[in-house]
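Undergrad: Predicted structure and sequence below. I'll ask about it afterward.
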Amino acid sequence: MEEKCAPLLYEERQSMVKRALSYRWIVWGVMVFAFMVVFFHRLAAAVVKDEVTLAFSLSATAFGTMSSMYFYAYMAMQIPVGLLADSLGARITVSAGMFVAGAGSILFGFAPSYAWLLAGRFLVGLGVATVFVCIMKIQSQWFKDGEFATISGATTLIGNAGGILSQGPLAFLITLVSWRSSFIAIGLA
C-alpha cells in the first residue's frame, strides 16, 4: 500500500512545484508592468511641458520644481519601502503604491492650481517608489541565484519600455485628447 502512495505524493509534489514556478512568472509580469509605469511617469512630464506651462503660466523654474516632486518623493521613500516590503510583503506594498500613483496621476490631471499639480506629482513619486525595491525582493525570493542577473536585466529592459511609451505614444494621445484626460486615464488604468 505504501508503495502505491509514494508515486502519487511525488506526482502531487511535482505538480505543486510546476504551479509555483508558473505563478512566479505571473507575479514577475505584474511587477514588471508596474516598473514600466515607474519609467512612464519619470519621463512623462517632459512630454506635457508645453501644455502644462501654458495652462498654468509656469516659468521654467516652476515647471522644473513640479517635475522634481516625483524625484523628491521617490528618494524619501526608499528606506520606508524596504521596511514595508519586509513587513507587509512586496505584493501588498506595490499594490498600495500603484493605487497611490494612480490617485496622484488623476489628481495631476484634475489639478485646478499649481499646488495641486505639485501634490499630484508628489503622490505619483510616492507610489511608484515602491516598485523597484519590491521587484528585487520578489526576484531574490522566487528565482534561483543563477537566474537573478538575467531576470534583473530583463526587468530593466522591459521597465525602460515605459519610458518609450511616455514619449511618442503619450505625445500622440495628447493630440487626440487633452493632457488632463491623458493623465486621468493613465491614473485609472
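TA: Arrived safely, thanks for sending.

Undergrad: Just the CA trace of stretch 122-138, in CSV.
TA: The C-alpha trace of stretch 122-138 is given here as CSV (Å, rounded to 0.1, in the frame of the first residue of the first chain):
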residue,chain,number,x,y,z
PHE,A,122,4.4,64.1,-5.4
LEU,A,123,1.8,61.3,-4.9
VAL,A,124,2.9,59.7,-8.2
GLY,A,125,6.5,59.7,-6.9
LEU,A,126,5.4,58.2,-3.5
GLY,A,127,3.5,55.4,-5.2
VAL,A,128,6.0,54.4,-7.9
ALA,A,129,8.8,54.4,-5.3
THR,A,130,7.5,51.1,-4.0
VAL,A,131,8.2,49.1,-7.2
PHE,A,132,12.0,48.7,-7.6
VAL,A,133,12.8,47.6,-4.1
CYS,A,134,9.9,45.2,-4.1
ILE,A,135,10.6,43.7,-7.6
MET,A,136,14.2,43.0,-6.5
LYS,A,137,12.9,41.3,-3.4
ILE,A,138,10.5,39.1,-5.4
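
Undergrad: could you give the mean pLDDT of that stretch?
TA: Stretch 122-138 comes out with an average pLDDT of 94.

Undergrad: pLDDT-wise, which helix or strand of this structure ranks last?
TA: Across the helices and strands of the chain, mean confidence by mean pLDDT, DSSP states H and E is lowest for helix 2-47: a mean of 78.

Undergrad: Which is the succeeding secondary structure element to that helix?
TA: helix 49-56 (DSSP states H and E).

Undergrad: average pLDDT across whichever helix or strand comes after that next one?
TA: Of the helices and strands lying after helix 49-56 in sequence (DSSP H and E), the nearest is helix 60-76. Across helix 60-76, the average pLDDT comes to 94.

Undergrad: what's the angle between helix 60-76 and helix 49-56?
TA: 110 degrees (axes from the mean of the first three to the mean of the last three Cα atoms, to 10 degrees).

Undergrad: Heading C-terminal from helix 60-76, find the next helix or strand.
TA: Assigned by DSSP H and E, the successor of helix 60-76 is helix 78-87.

Undergrad: Please work out which residues outside that next one touch it.
TA: 93, 97, 129-130, 133-134, 137 (Cβ atoms under 8 Å, 6 or more residues apart in numbering). The way it works is simple: take the backbone N, C-alpha and C, and place the C-beta from them, glycine included.
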